[in-house]
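*Asks:* what follows is a protein structure lacking sequence information:
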C-alpha cells in the first residue's frame, strides 16, 4: 500500500453517497502549480537542472494565459471556451453564496490566550497557568460523542471527585471526552470533544440548585421513565400504579443499575430500570446518602415495550451529624447532575426510542453550538426533523445507517415503525427521501445498485423475460440484431452461430426460426447474472432499439424504490462531522456508551475559538474531503487520470490558500485544530500523490510537490518525511550534491525528528564523503554506534519471498519470529519473562503514570503538540521526580484502580494485565522510566511508534529486577530508521537494548 493511503482512508471515513462539488471539481480549470523546473533547496546549482516533461503536466501549458478568463463568482481562472465557462458558473452559483478570493483558514487564527509564538516550538514560553482553570462542575456530562452536555456519564462517579469539584472556582468550561484506543492512529488523532462554549441563560445553574441540601430535596418530584420493559416481571400496567426504586449493584451490565418495582403487589415485581444516565447519579445518593424514592406511573404507552413515564418523589433520610457533614459536598454535586439529566429528558418524549433520541440530540447540539455554519434554509431543514412523526424519524434513521443508496419499499419493515407508507410520504414531503416509481426518472448509473436488491430467483426471472421478449419481437431482413449471451447453451435451426471467449453472437435472419435453450431456473451466481444484464444494458440492448427496457422489468418486480435525498445526506454528514470531530465514529458510538462498552473520562477544556471560524472555512474543508475521497476512489480502480487530477487540484489549492499565513502560526500549525483546515487535507492528498508518483518513477514531479509542501508547511511534524523523500528523489535523478544539501539543511530543521533525523544523518555520512565533504559531522560517532545483536536459529515453516516469516517453536507449534525469540529468552537466553508488545505497553504505562497530567487543562487535544510539555512543565517534572524516586508502581496501581476501563489515548486495558505492568515498571527502574516518559511528553507524536518488539524482565529478589528491550528481525528484515532511533535513545538512557536476528536452518538457510 502506498505511504499515506491508510491515513487518507481514515480521514475520509465512510464514503459519501453524494459529492456536491464533484462536477465543479472536474470542470474547474486548474492554474499553474510550478514552472516545471527542478530546484535544489540549498544549492545554487539547482538553476542548471533541466525542465522535466512530466513536471510540465502541472504547469501552465495546459491552459495558456491568453485563453483564461476570471470567474466573476469565485475569482478562479477558467478556460475560455463557452462550455467550460457555463459549466463553471453553474457549479459556482449552485453553492448559493459568493466565496471569498482568499479564505481565512484555521491556521491563521489565534486559539490560545497569547497571540505571539516564537518560530521554534522548543522556544515557546509557557502559557499562564490561570488560562485553563478548573470550573464549578468537574463531574460533567459524558457520552460516547462530542457535544453532549445534557446526558450523564457512563462511568461511576465517586464522591471524592464531587467533593473536589465544589471547591473549585466557577468558570465557563468546555468538556472533552477522550477517545478509545482502537479508534486512534498516529496520523489522524481521533478525539471526541464535548464543547459547551457558553452557558446560556437556560443552562445556567440556579443558586438555589447549587446550595441544595439533603433536607431540601425531601418531597421533590422527578419526572423520568422506565426502560428495559422486556426484562420486567409484570406485563400489565395502569396509570397511577405505585412504584419504588431498588438498587441492583450486582447487575452485570451496569453496577449503578436501579430497579423499578411495583408497590401494588405484595411480591414487589420488577417493572424495569431507570435510565442509565440518571441511575449513575441516583445510585450514589441511595448508597451513600441513604435516600429513598417512591412514585407512580404517569401514563401507559401504547406498545408493551415502550418507555413508561413515571414520577418519583425523594423521601428524607435519617443521618447523624458526622456522616451528614461528610457527604454534604458530594450530595450537592450528585443532585445537581441528576436534576440536569431529568430536565434534559423533558425535551424528548418518553416514547422516543434510544437511537431516535440520540439522533435528535446530535442535530440539536450541532445547531446550538454551530449556528454560524448553516444558512437559514439548512437550519429550517434540520429543525423540521423534530416535527416529523415518530415513525418518520425512526425510518429515516434506520435508512441513513444502512448501506443504500436505494431501498425497496416492499422490504422495509421495522417493528417500531407502525406505518412505513405514511412515514415515507412525510419524509418525501419534507425532502428527506426521494422515491422512484417511474422508469423515466431512473439514471443509468443506478441500475446496478437496484439489481443488487433483487434476489437470484428474481434476476433469473428478469433474464428469462428479456430473452422471451427478444424472440417474440424479432425484425425482418433489414434488421440485424446481435444478441449477447453469457454462459448459455444455444441451439439454432438455420442461420449461424459464432462463439468467442465464451460469448455467443447470434445473427437473426428472416425466415429463420430459432429458440434459445436455457434453463432459467438453473443455478447461477448473483454477480454473474447482474454482470450479464448490466453489460447488455450498457451496450444498448433491449433499450436503445425500442425493446422493453430493463429498468421497467426491475420496477415491475420490485415496486417503488426510495433513497436518502442528496440534501439530507450532505447536511447529516456535516452534522456528524461537527459532532464527532472525526470520521471513525457515527451513531453507533452512542450505542457503545449506552451498553457500557466504552467509558469516557471527565475533564475540563476551554476552547477560545470555534473549530471552524466561518461557513467559508467549513465549506472549503468539506470540498477538500471530497477531493480526498475522489483520490481514494481513483486508487481503488487504478484511474490514473482521475488520480492526477486530484493531485493537481490539491496542489493548486495549497498554493492559493497558504502563503505567509502558515509561517506566522508556527505552533498553532501543529495543534489539534489545524487538522480541520482545508490546507491540511490537501497536504494529505499531495503527500499520497508523491508516493504514487515515486512508484511510477516520476521523480521530477514528486520533487516539485515535495518542495511545495515544505514551503507551505513550515511547522509540521511531517517535514522530516518530506525532506527525506526530497533528498532521496534528487539522488534518484542523478543530483547527489543537491541531495546532500537537502539532507544537511534538514538537520537544521527543528521539525525533523526521531527516525527522519536519524535517516538524514545517515544520508549525510554516506553522501558527504571526500571530496564532496572533508569535515566529519559531530554526530558521526553517535550514529555509527554498534547495537548489540543476538542470533537465534529456527526451523522455518515457509521460505517464500514477500510472506510473513513463520517458524516451528520449541514446543513444535507454529509461531512468528517474536514468539520464537520469547521462547529463546525464556530458556537458554537467560530465563527472562516478557511480552511481545512493541509500543503498546509503553504507551499504556505512560498513560497511567501521566493520567492526571493528560486530563488537566485542555488535554488531550494538545497531546501530540510541543505545547503539551511546555504548558504543563511543572506538573510533568513533579510527576517525573516521583517516578525517578521509585513510586511508579504505586502510581500505576492507583491509576488502574481509579480509571480502569475508561478511554485514554494509548491505554489498552485488555492487552496487558496489572501484574505485567507492575513487573515492567519495577524492573525497568525509576531513572530509565522517567527518561522515557519525559521523551514521550515532549514529543508524543514523533516517538509513539517504532519501539522494540519485546519487553523482557526478571526479578532478583522480591522488589528488585532488571529489564531488557529487544527488537526482533526475521531472515530478510532490517531495522527501520524509527526503530534505530529508538534503540539509540534507549541505550543513551541506560536501557539494556539489543537486536535479535532469527535465521533459518535447513534448506531455507
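*Replies:* Perfect, thanks for sending it. All of these numbers come straight from a predicted model, not from anything done at the bench.

*Asks:* low-scoring stretches of the stretch 751-900 of the chain, by residue?
*Replies:* Along the stretch 751-900 of the chain, segments meeting pLDDT under 70 span 799-802, 857-860.

*Asks:* what about the helices in it?
*Replies:* Counting by DSSP state H, counting those that start in this stretch, the stretch 751-900 of the chain has helices at residues 754-767, 780-783, 817-826, 840-849, 851-854, 867-871, 873-884, 888-899.

*Asks:* hey, what's residue 815 bridged with?
*Replies:* Counting by DSSP bridges, residue 815 forms beta bridges with residue 807.

*Asks:* that one and residue 647: what is the separation?
*Replies:* Distance from residue 815 to residue 647, counting by CB to CB, to the nearest Å: 43 Å. From N, CA and C alone the C-beta is placed, and that goes for glycine too.

*Asks:* the helices of the stretch 751-900 of the chain: which one's closest to residue 27?
*Replies:* Judged by CB to CB, the one of the helices of the stretch 751-900 of the chain that comes nearest to residue 27 is helix 754-767, at 39.1 Å.

*Asks:* pull out the buried positions in that closest one.
*Replies:* For helix 754-767, burial by neighbour count (16 or more other CB atoms under 10 Å) applies to 754-765, 767.

*Asks:* picking up where we left off before, could I get the helices of the stretch 751-900 of the chain as CSV with distance to residue 341?
*Replies:* Converted to CSV, those look like this (distance: least, CB to CB, whole Å):
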stretch, distance to residue 341
helix 754-767, 45
helix 780-783, 58
helix 817-826, 48
helix 840-849, 29
helix 851-854, 26
helix 867-871, 33
helix 873-884, 32
helix 888-899, 22
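
*Asks:* relative to residue 418, which of these is closest?
*Replies:* Across the helices of the stretch 751-900 of the chain, the minimum distance to residue 418, taken as CB to CB, is reached by helix 888-899, at 44.1 Å.

*Asks:* residues of the closest one that come out buried?
*Replies:* Using 16+ other CB under 10 Å as the test for burial, helix 888-899 gives 888-889, 891-892, 895-896, 899.

*Asks:* in a markdown table: the residues you listed, plus distance to residue 280.
*Replies:* Putting the buried residues of helix 888-899 into a markdown table (distance: CB to CB, whole Å) gives the following:
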| residue | distance to residue 280 |
| --- | --- |
| 888 | 32 |
| 889 | 31 |
| 891 | 27 |
| 892 | 26 |
| 895 | 21 |
| 896 | 21 |
| 899 | 16 |
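
*Asks:* between those, which sits nearest residue 948?
*Replies:* For the buried residues of helix 888-899, the nearest to residue 948 is residue 888 (19.2 Å; CB to CB).

*Asks:* just checking, that closest one touches residue 928?
*Replies:* No - at 10.3 Å, residue 888 does not count as touching residue 928 under the criterion of CB atoms under 8 Å.

*Asks:* how about the strands in the stretch 451-600 of the chain?
*Replies:* Along the stretch 451-600 of the chain, counting by DSSP state E, counting those that start in this stretch, strands occupy 482-486, 491-492, 496-500, 503-507, 514-515, 561-564.

*Asks:* how about the one helix or strand residue 744 maps to: buried residues?
*Replies:* For residue 744, the element it lies in under DSSP states H and E is helix 736-746. Going by neighbour count (16+ other CB under 10 Å), the buried part of helix 736-746 is 737-746.

*Asks:* same check, this time on stretch 373-391
*Replies:* Neighbour counts over stretch 373-391 (16+ other CB under 10 Å) mark 373-374, 378, 381-382, 385, 388, 390-391 as buried.
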